[in-house]
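# what would the 3D arrangement of this be:
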Amino acid sequence: MSENIADYRYKTPIPIRFSDMDAYGHVNNAVYLTYFEIARSNYWSEIVNWDWDKTGIILGRSEINYLKPITRHDQIACYVRTTRIGNSSFDVMHILVKLTDNGEEICTTGKTVCISYDYGANKSVRIPVSERERMIEYDEPRLILNTN
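Predicted coordinates for the structure are as follows:
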């Protein structure tokens, strides 16, 4: 999962909490999924304008590549972009970076498979048209593989 930051437009800061630390002073491995969730939620709210009253989202799969540890003194941010859109599922890629005096240092990359979901019917549903269009428009159509 080699990612290029230049392919990403959306970036959001991620706060590191004391409770995120493990006994060795690093962010615990399980917390990275929470960081990805914060970044995805911000992306869906600020960019995609996902209408949660009509359609939900559940996760079908998560992948994480741990490259460098993060400590409580680090300042971090997460890049997010949609990379594939199917009928009811779509892939979201994440790059977690440390902000340093020398620029950004990639610490972690990840991918989540997200599923458009109807909680009332308890089943997956087609991705709403407006949300689909905003993801494609924002994340550049040439970078998204559309599967119908």
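# look up how far V80 lies from P13.
Separation of P13 from V80 (C-beta to C-beta, to the nearest Å): 12 Å. (C-beta placed from N, C-alpha, C; glycine too.)
# which of the two has more neighbours?
V80 (25 against 12; other C-beta atoms under 10 Å).
# a helix runs through T83, doesn't it?
No. Under DSSP: H, G, I helix; E, B strand; the rest coil, T83 falls outside any helix and is assigned strand.
# what is the neighbour count of it?
By other C-beta under 10 Å, neighbour count at T83 equals 16.
# likewise I16?
For I16, using other C-beta under 10 Å, the count is 17.
# contacting residues around the nearest residue to it once chain neighbours are set aside?
Computed as C-beta to C-beta, 6 or more residues apart in numbering, the closest residue to I16 that is not its neighbour in sequence is R72, at 5.5 Å. Residues in contact with R72 (C-beta atoms under 8 Å, 6 or more residues apart in numbering) are I16, F18, D20, M21, G25, V27.
# likewise for D20?
V27, N28, V31, T34, R72.
# before we move on, what about I38?
Here I38 is in contact with T12, I14, C78 (criterion: C-beta under 8 Å, 6+ apart).
# could you look up the SS state of it?
I38 - assigned by three-state DSSP - is helix.
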